[in-house]
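Participant: Prediction below, plus the sequence it came from.
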Amino acid sequence: MKEHKQMKRWSWSNKWRKMIKATAPVVLAASLAACGGESGGSASSPSQTPANSAEPAELTVLLDWYPNAVHSFLYAAESQGYFKEAGLKVKLQPPSDTNDPLKLVAAGQADLAISYQKQIVLSRAEGIPLVSVAAIVRHPLNQLMALESSGAKSPKDLAGKKVGYPSFDLDVQTVKSMVEADGGDPSKVEFVDVGWDLMPAMTTKRVDAIIGGYVNHEKLILEKEGVKLQTMNPMDYKVPDFYELVLATSDETLNKKGDEIRRFWEAATKGFEYTKQNPGPALKELLKQGSANFPLEKDIETKSLEMLIPLMDDSGKAVFGQQDEASWKSAIEWIRNTGMINKDIQPSEVYKNLK
């Protein structure tokens, strides 16, 4: 059983708060003024380094996890020379800990990070000046998966059963909301923090179900290993649709490097279009990123990319990366209703579209 995706409990420790204060002074007011003021926001920047400048501008981009199909468009942009054409030298870097990308961006130690829509909201509620600049995957990948042998066919059937989760409170709240919407009693569900061991917890039947696994990864691998699953989409149980992955930066970095970030996204969008038109060559480039620590299986990544592309641009109905106020508003309201935040957060605080 290969190592799987891990999301530890999300928190901003005093250590990180001090680091952020020391290395990345908050310039929220100046940043927002520089980024444009319309609702939802569009980012602009005083930085206007020419794309054909002799010295390329450097950007460090932290991935959310080890390289996999969802990052194919970035590696395509690199291999096809789109970043270079944009006058950029981009470092794509997997995190040593999946909890680190947003923290390093907030501390000014990285420019951009792939992260999660709801974590941007939680961070902002804690006063951390982070902002999403693009939606990468526009719909949920994280779904509730129950062992077929558990007999659970819908969330209310989890009463008296164990649900494993990866140390992330939002996952627990998601299951509770699903059970309640299905007419069940959330207090009768036992939650087990399985940490790194989502898939082993299922194969050993330590738990009856898991939340925190992705349908384009954990589900594919478990089914490949013969585990029969009942998958339940949170959207079918009154959990609002949300962006699974977004591209985030800090207010300060957006203020200082808005032009570079915009050129980065234009090049990344070319990479996405290339990947849509050439999935085989794009996957071949991705598979070069595999290693002993980050194993990639061609059949899994191929199926994953087939699932991801329609979710990344709504089957061609949405502009890649474009964010909608309605999505952010519903995400904020849902989190507030769970009691995880008690501060009013406006959509315009947490996202900016790049022009």
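Facilitator: Sure thing, it's come through.
Participant: Just the helices from the protein, written as ranges.
Facilitator: For the chain, helices defined by DSSP state H occupy the ranges 14-23, 28-34, 72-79, 82-85, 100-106, 117-125, 169-181, 198-203, 218-224, 251-277, 279-287, 298-312, 325-338, 347-350.
Participant: quick check: angle from the third one to helix 251-277?
Facilitator: Taking axes from the mean of the first three to the mean of the last three C-alpha atoms, to 10 degrees, helix 72-79 and helix 251-277 form an angle of 90 degrees between their directions.
Participant: Could you list the residues in contact with helix 72-79?
Facilitator: Helix 72-79 has contacts (C-beta atoms under 8 Å, 6 or more residues apart in numbering) with 61, 67, 82-83, 90, 92, 267-268, 270-272, 274-275, 278-279, 282-283, 285-286, 288-289, 305, 312. In short, each C-beta sits where N, CA and C put it, glycine included.
Participant: what residue ranges in the stretch 51-200 of the chain score low on pLDDT?
Facilitator: By pLDDT under 70, the low-scoring segments of the stretch 51-200 of the chain are 51-53.
Participant: hmm, try it at 90
Facilitator: Scanning the stretch 51-200 of the chain for pLDDT under 90 picks out the ranges 51-55, 65, 95-100, 166-169, 195-197.
Participant: can I get the helices of the chain in TSV with distance to residue 232 and mean neighbour count?
Facilitator: As requested, those are exported to TSV (distance: least, C-beta to C-beta, whole Å; neighbours: other C-beta atoms under 10 Å):
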stretch	distance to residue 232	mean neighbour count
helix 14-23	34	13
helix 28-34	39	15
helix 72-79	28	24
helix 82-85	39	20
helix 100-106	28	25
helix 117-125	19	23
helix 169-181	7	21
helix 198-203	14	21
helix 218-224	11	19
helix 251-277	29	22
helix 279-287	29	18
helix 298-312	17	18
helix 325-338	17	18
helix 347-350	28	20
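Participant: To residue 138, which of those lies closest?
Facilitator: Smallest distance to residue 138 across the helices of the chain (C-beta to C-beta): 5.9 Å, for helix 298-312.
Participant: what packs against that closest one?
Facilitator: Identification of packing neighbours for helix 298-312 by 3 or more C-beta pairs under 8 Å, 6 or more residues apart in numbering; DSSP states H and E yields strand 130-137, helix 218-224, helix 251-277, helix 279-287.
Participant: Indicate which one of those is closest to residue 336.
Facilitator: Relative to residue 336, the nearest member of these by C-beta to C-beta is strand 130-137, separated by 17.8 Å.
Participant: now that closest one, how far from the chain's geometric center?
Facilitator: Relative to its chain's centre, strand 130-137 lies at 9 Å (C-alpha atoms, centre = their mean, to the nearest Å).
Participant: hey, C-alpha coordinates of that strand in CSV?
Facilitator: Provided in CSV are the C-alpha atoms of strand 130-137 (Å, rounded to 0.1, in the frame of the first residue of the first chain):
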residue,chain,number,x,y,z
LEU,A,130,-3.9,35.2,2.2
VAL,A,131,-5.9,35.4,-1.1
SER,A,132,-6.9,33.0,-3.8
VAL,A,133,-6.0,34.2,-7.3
ALA,A,134,-7.3,31.3,-9.4
ALA,A,135,-9.6,28.2,-9.1
ILE,A,136,-7.8,25.1,-10.3
VAL,A,137,-10.3,22.3,-9.6
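Participant: Residue 212 touches residue 144, doesn't it?
Facilitator: No - applying C-beta atoms under 8 Å as the test, residue 212 and residue 144 come out as separate, 9.4 Å apart.
Participant: give me the low-pLDDT residue ranges for the stretch 201-350 of the chain?
Facilitator: Looking along the stretch 201-350 of the chain with the criterion set at pLDDT under 90, you get 290-295, 315-316, 342-343.
Participant: Leaving out sequence neighbours, find the closest residue to residue 275.
Facilitator: With sequence-adjacent residues excluded and distances taken as C-beta to C-beta, 6 or more residues apart in numbering, residue 275 is closest to residue 282, at 4.1 Å.
Participant: residue contacts, the one you found?
Facilitator: By C-beta under 8 Å, 6+ apart, the contact list for residue 282 reads 72, 73, 75, 76, 274, 275, 305.
Participant: Need the helices and strands packed on helix 298-312 in TSV (columns: distance to residue 188).
Facilitator: Shown next, in TSV, are those (distance: least, C-beta to C-beta, whole Å):
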stretch	distance to residue 188
strand 130-137	32
helix 218-224	25
helix 251-277	43
helix 279-287	43
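Participant: And those: which comes nearest residue 201?
Facilitator: Proximity to residue 201, assessed across those by C-beta to C-beta, is greatest for helix 218-224 (10.7 Å).
Participant: Now the terminal residues of stretch 272-291, how far apart.
Facilitator: Start-to-end span of stretch 272-291 (C-alpha to C-alpha, to the nearest Å) is 24 Å.
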